[in-house]
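Need a 3D model of the sequence below.
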Amino acid sequence: MTASAPRTTSSWMTPELESLRDQFGRFLDAELKPHAARWRRQRMIDRSAWTALGGMGALGAAIPEEWGGSGGDVYQEMVLLDTINRRCSDLANGYSVHSGIVTHYVLTYGTEDQKRRWLPKLCSGEWIGAIAMTEPGGGSDLQALTTRGRRDGDDYVIDGQKTFITNGIAADLVLVAVRIDGTPGAKGISLIGVEKGAPGFQPGRPLEKIGLHAADTAELFFDGARAPVDNLLGGIEGRGFYQMMEQLPRERLILAIGAVAAMEHAVEITRAYVHERKAFGKTLFDFQTISFRLAELATEAHIARVFVDDCLVKLAENRLDNVTASMAKWWCSERQVQTVDACLQMFGGYGYIEETEIARMYTDARIQKIYGGANEIMKLLIARSL
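A predicted model of the protein is given here:
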């Protein structure tokens, strides 16, 4: 077999980060990936996997040690995210929401009491986190949300429904976007932490998706659900919409990083396959149609990596704006879907067999163009800036 193809080296990569990537990759290969087929069958990641990730220091990598995290930086966090997308992608969706999004909401906006109560459990894997924005009739239009909350003594009483919620069934803490007292527009929206077992809160059925089969995705129902007033994120009503808007660049970059990792991995496994698979007395790679197409895909993956690396540096320096993050999200997710489709074609009939990795990558990729803000919304945001 030929030597491995060269891998793009990010400008911010250090020997320490390379070591972290290798160590974490070996951990995933040995401890978690062997269970992935069962997770897909049961439509749920084992809770033991979350505690294993917590014990490895892979949850809340950029959360300060005083709150139970590893005290690292955004580069360490994104190395872990990139590695999990390559080496054990069945974990990637739930992991991204829990560690990449929920913990950062709590760290950035939570009161001292909320950080003390929630972050250590989230970072250890004792608790699983989710964020509930999307509603059955709302889609990407967050200002139109109808889930209502009202103050009743020391509690908020919440009524409404959320859907497509990652980690929805397993979650011990859900940050729920709620409209307080019917106040219209962005100013009426707050985020309230609803904990598992809260009266009136009930996860619905797991949603049967065409991909991401290991990811727990659910509807959530709030029928007079009660959450303590102390669970209002940040302690000030009406800040929820602005909190969500401020976090969108990070969230969209997380999706772009996952897309690039998938593109690169698809090219890697396809390259290995076409060098070994023979037809008409030659390897598939010997056919110019195959080698040229693979060259195009490798080039596009390289371009995507350079773009995402630039965005990551901007995020680390607090310079990543929503327009640039929207560009990264839509372009990389579109290219991910196209790349995996082209790679599957090179596998022929084997690419259509569900047990093959490229087939799972194909069905898993499609949602990337929808969640985190549909790509049509990304283009609208970009167009408004022109």
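
pLDDT on stretch 76-90, on average?
Averaging pLDDT along stretch 76-90 gives 96.

Now find how far off-centre that stretch is within its chain.
Distance of stretch 76-90 from its chain centroid, counting by CA atoms, centre = their mean, to the nearest Å, is 10 Å.

Not counting that stretch itself, show me its contacts.
When contacts are defined by CB atoms under 8 Å, 6 or more residues apart in numbering, stretch 76-90 is touched by residues 17, 20-21, 24-25, 28-29, 32-33, 36, 39-40, 45, 58, 61-62, 70, 91-92, 95-96, 99-100, 213-215, 254, 257-258, 260-262, 264-265, 312, 360-361, 364. Heads up, the C-betas are built off the backbone N, CA and C, glycines and all.

In PDB, please show the C-alpha coordinates belonging to it.
Taking Å, rounded to 0.1, in the frame of the first residue of the first chain, the C-alpha atoms of stretch 76-90 are listed here in PDB:
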ATOM      1  CA  GLN A  76      -7.300  22.300  22.900                       C
ATOM      2  CA  GLU A  77     -11.100  22.200  22.700                       C
ATOM      3  CA  MET A  78     -11.200  22.200  19.000                       C
ATOM      4  CA  VAL A  79      -8.500  19.500  18.700                       C
ATOM      5  CA  LEU A  80     -10.700  17.200  20.700                       C
ATOM      6  CA  LEU A  81     -13.700  18.100  18.600                       C
ATOM      7  CA  ASP A  82     -11.800  17.500  15.300                       C
ATOM      8  CA  THR A  83     -10.500  14.200  16.600                       C
ATOM      9  CA  ILE A  84     -13.800  12.900  17.700                       C
ATOM     10  CA  ASN A  85     -15.300  13.700  14.300                       C
ATOM     11  CA  ARG A  86     -12.500  11.700  12.700                       C
ATOM     12  CA  ARG A  87     -12.100   8.800  15.100                       C
ATOM     13  CA  CYS A  88     -15.600   8.200  16.600                       C
ATOM     14  CA  SER A  89     -18.100  10.400  14.700                       C
ATOM     15  CA  ASP A  90     -21.000   8.700  16.400                       C
END
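
let's number from 104 now, not from 1
Shifting the count to begin at 104 puts that one at stretch 179-193.

which sections of the stretch 104-253 of the chain are below the confidence cut-off?
104-111, 242-243 (pLDDT under 70).

What ranges does it have for its strands?
With DSSP state E, counting those that start in this stretch as the criterion, the stretch 104-253 of the chain has strands at 232-235, 251-255.

Strands along the stretch 304-453 of the chain, start to end?
Going by DSSP E, counting those that start in this stretch, the stretch 304-453 of the chain shows strands at 304-309, 320-331, 381-382, 385-386.

Any idea which of these gets closest to Arg219?
Of all the strands of the stretch 304-453 of the chain, the one in closest proximity to Arg219, counting by CB to CB, is strand 320-331 (14.4 Å).

pLDDT averaged over the closest one - what is it?
Strand 320-331 carries an average pLDDT of 97.

Deepest in the core, which of the strands of the stretch 104-253 of the chain is it.
Each of the strands of the stretch 104-253 of the chain was scored by mean neighbour count; the highest is strand 232-235, a mean of 28, by mean count of other CB atoms under 10 Å.

So what are the sheet partners of it and their directions?
Strands that pair with strand 232-235, judged by DSSP bridges, come out as strand 276-283 (parallel).

quick one, the partner strand and strand 320-331 angle?
70 degrees (axes from the mean of the first three to the mean of the last three CA atoms, to 10 degrees).

Show me what counts as buried in strand 276-283.
Leu276, Val277, Leu278, Val279, Ala280, Val281, Arg282, Ile283 (16 or more other CB atoms under 10 Å).

Let's see the pLDDT reported for the first one.
Think Leu276. Confidence score, pLDDT, at Leu276: 98.

Also the fourth one?
At Val279, the predicted lDDT confidence score is 98.

Identify the residues contacting it.
Ala235, Thr250, Ile261, Lys265, Leu294, Ile295, Gly296, Val297, Leu323, Phe325, Ala330.

Most neighbours among those, which one is it?
Most neighbours among these, by other CB atoms under 10 Å: Ala235, with 29 neighbours.

quick one: contacts for the closest residue to it other than its chain neighbours?
Once flanking residues are discounted, Ala235 sits nearest to Lys265: 4.0 Å by CB to CB, 6 or more residues apart in numbering. The contact partners of Lys265, taken as CB under 8 Å, 6+ apart, are Ala235, Met236, Thr237, Glu238, Thr250, Gly271, Val279, Glu322, Leu323, Phe325.
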